[in-house]
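# Mind folding the following:
(2 chains)
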Amino acid sequence: MFNLAKIAARNLRRYKRRSLLTVSLIAFGVVFVLVFVAVTASIKDFMIAQITDSYLGALQIHRAGYVASIESLPLNMNLPPAAVSQIEKTLAGNKDIEAYSERIKFGALFSNFTETTNIRINGVYPEREFAALPQMLSRISEGEKSVRALEKGKMLVPKLLAQGFGAKVGDTVVVVATNKDGSVNGKTFLVSGILESATGPGGRDGYINFDDASEILRMSGKEVSEIAVRLKSLALVEGAAKSVRGGLGLGEKKQKGSVIEVHTWAQLSPFANIANMIDLMTFFIKLMLIAIVLISILNVMIMAVYERVREIGTIAAIGTLPSKILSLFLVEGFCLGLTGAIVGVVFGLAIIFGLNLSKISFNFGQATGLILAPTIAPIEVMTASLMVIIVSVLASLQPAFKAARMEPIDALRHV
Amino acid sequence: MSLIIAQSLSKTYATDSVEVKALQDVSFEIEAGAFLAFIGPSGSGKTTLLNLVGCLDKPTSGELQVAGIDVLKLDRRQAAEFRGQNIGFIFQSFNLLAVLTAFENVEYPLVMVQELPLAERRDRVLKALQAVGMLEQKNQLPEQLSGGQKQRVAIARALVTRPKLVLADEPTANLDHQTAYMILRLMKQMRDNFGITFIFSTHDTRIIGEAEIIYSLEDGRLVQREERGKANVQSSEDRGAKLAAL
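Coordinates of the predicted model:
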């Protein structure tokens, strides 16, 4: 093998410019893939974290059918106290779960005493909400940026609504809602803060204390519309969803007919489609890399065979077996791919490191000045490198077979 | 004992519309240790005959035994193995591998064909290079060598596998008179020392003058056999012992 590699390396050195060009092309492809994967993955991860950490959570638990009719915020589809208690017990015993927050959601009228509009109210326990959604605090653009913002009698008003109504921190507003029995109740609140939307313009979600919500809705027991769950890592989302479902006695099949439903963030957020598109783009970029490697290696190896016909005839004549001739050309392709992959990985990682050092900023939704911090998992580097090497060997197969099948007598006659 | 027995060998090449009879009904026997030339004008069938004996090609009809083996029954892989173990080749254009040094060129068949261990390879290559007087140039690439030096390296490569037979197709065609004569003397010396059978195809009068047996070919037919001198044929024991020293 060492001798094959030595001869292959010498042959590659013989055509320095061509080998260099091929290696550069492969390396360029590897660099492009690594940088693209690192940048898009970091942006994607950031966006997912922004969504899950600021309003959605990694998992959400509802009463069955609630998500399907979430636009009407039905109070008669809240989780009953017994179910809430069962869920809390299950969540507390799950090692993947860092925090969770129960919410009561309902539609209401929002008034500043001169104008009225509709609003979606989230009644939450502030400590739990801020623990389960740590980026929630960063969404408070004005006012108290602490759990005190959601003390009893205080309200976080969505920014667009506040702008439209001219509501400011310290103002008094009224929330009026209809409860399950159809009776209407209202309560005044002090605006404790203005809340930015998590993903951009829009959003009518206001936040009040859970106890205030219970009071407005005149709830007798602890009813919950949804429970947002924060995991120790987003990578655990599928496993955690499965284990929570298992803990609640919901099998994959049973989920359909059961009282409780567990959803991952991807099942709830349209951004999951964008994330999938990013993954699809990455896949196509990798396909491009394969095409680059395939074409350049195939080209260079075909040329190598045509240029060395007499040489192939000579080694075949002196007794080199066809399998050895095949190996000789495959090793040449392997060496080209390996060198290209190594050079590409080195430059790719250097560029990723450089991007981290240069601290490029970008905006996402209302969040501005975010720093681009591309990272790449070792498995991605390994995958790209292996892909290049395997494709290089595969691309060398056809020329190598051609060389191995050459009749020495014909090859020796070649001029 | 005959090293090569050929009976009624014929070879026809079929092109688009023309059939070319390169060899017609050629029969001969060659003893081990011969220093022999196939001569004749261009197109007389010399190279074709050499290719058949070298197991590089197969006749259209006839029988051929080399070193006691019916070589026409060998498949592609077996023929390659047979060549690697029994036949050395010397080409008109030297055909050294451009990327390998003189040492590595000679070493090549021992690595890639006979797969010998490193120490034995090194020992054999150094002795072969010494035998052809190329030890000092062992680290030079073919492009750094003269034509005569290249052919010496090619001879060393042909001999290093300890073949029973060396086939040389126009080995002096690309060499000047003095170098050609030197190469011929060297090959003859190798034959004398190691008992290896040397067969040439040539129309070079310098080789013809040195050959001990001459077969003349015309239009694919063997027309004459001439024996000029008694070949100093080694016994197989002598040959084995001397080859082992190479």
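# Who does A:Tyr207 form a beta bridge with?
With DSSP bridges applied, A:Tyr207 shows beta-bridge pairing to A:Asn122, A:Leu156.
# quick one, what contacts it?
Applying C-beta atoms under 8 Å, 6 or more residues apart in numbering or on different chains, we find A:Tyr207 in contact with A:Ile121, A:Asn122, A:Gly123, A:Val124, A:Glu129, A:Leu150, A:Met155, A:Leu156, A:Leu195. For every residue, glycine as well, the C-beta is placed using N, CA and C.
# could you check the distance from the most centrally placed residue in chain B over to B:Asn51?
In chain B, the residue lying closest to the centroid (C-alpha atoms, centre = their mean) is B:Leu167, at 1.5 Å. For B:Leu167, the distance to B:Asn51 (C-beta to C-beta, to the nearest Å) stands at 9 Å.
# before we move on, the earlier item: model confidence over the host helix or strand of the residue nearest to the centre of chain B, on average?
Remark: B:Leu167 resides in strand B:165-169, with elements defined by DSSP states H and E. Averaged across strand B:165-169, pLDDT comes to 92.
# Tell me the strands beside it, with direction?
strand B:87-90 (parallel), strand B:197-202 (parallel).
# and these as TSV, adding mean neighbour count?
Shown next, in TSV, are those (neighbours: other C-beta atoms under 10 Å in any protein chain shown):
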stretch	mean neighbour count
strand B:87-90	26
strand B:197-202	26
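# Tabulate these (a markdown table), appending mean pLDDT.
Shown next, in a markdown table, are the strands paired with strand B:165-169 (pLDDT from 0 to 100):
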| stretch | mean pLDDT |
| --- | --- |
| strand B:87-90 | 93 |
| strand B:197-202 | 90 |
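# Around whichever residue of chain B sits closest to chain A, how many other residues sit close by?
The nearest approach of chain B to chain A comes at B:Gly84, 2.3 Å away (C-beta to the nearest C-beta). Residues near B:Gly84, counting by other C-beta atoms under 10 Å in any protein chain shown, number 22.
# can you check A:Val124 too?
Other residues lying near A:Val124 total 25 when counted by other C-beta under 10 Å.
# before we move on, what about A:Glu332?
A:Glu332: 29 neighbours (other C-beta under 10 Å).
# ok, and the closest non-adjacent residue to it?
Nearest residue to A:Glu332 in three dimensions, chain neighbours excluded: A:Ala8, at 4.2 Å (C-beta to C-beta, 6 or more residues apart in numbering or on different chains).
# What helices and strands are in contact with the helix or strand that neighbour falls within?
In this assignment (DSSP H and E), A:Ala8 forms part of helix A:2-14. Here helix A:2-14 touches helix A:322-358, going by 3 or more C-beta pairs under 8 Å, 6 or more residues apart in numbering or on different chains; DSSP states H and E.
# Would you mind getting the angle between the helix it packs on and helix A:2-14?
On the basis of axes from the mean of the first three to the mean of the last three C-alpha atoms, to 10 degrees, helix A:322-358 is oriented at 60 degrees to helix A:2-14.
# Following the chain past helix A:322-358, name the next helix or strand.
Next element after helix A:322-358 (DSSP H and E): strand A:361-364.
# Name the residues that touch that next one?
A:Ile43, A:Phe46, A:Met47, A:Gln50, A:Thr368, A:Gly369, A:Leu370, A:Ile371, A:Leu372.
# What is the most widely separated pair among those residues?
Greatest spacing in the contacts of strand A:361-364, by C-beta to C-beta: A:Met47 and A:Gly369 (15.5 Å).
# which of those two has more neighbours?
A:Met47 (20 against 7).
# does the more buried one sit in a helix or strand, and which one?
Counting by DSSP H and E, A:Met47 is found in helix A:16-51.
# The helix or strand following that helix pairs with which strands?
Downstream of helix A:16-51, the first helix or strand assigned by DSSP H and E is strand A:59-63. Strand A:59-63 sits in its sheet next to strand A:226-231 (antiparallel), strand A:260-264 (antiparallel), going by DSSP bridges.
# start to end distance for stretch B:107-116?
In stretch B:107-116, first residue to last residue: 10 Å (C-alpha to C-alpha, to the nearest Å).
# now what about that stretch, what contacts it?
Outside stretch B:107-116, the residues that touch it by C-beta under 8 Å, 6+ apart are A:3, A:315, A:318-321, A:324, B:84-85, B:97, B:100, B:120-122, B:124-125, B:157, B:160-161.
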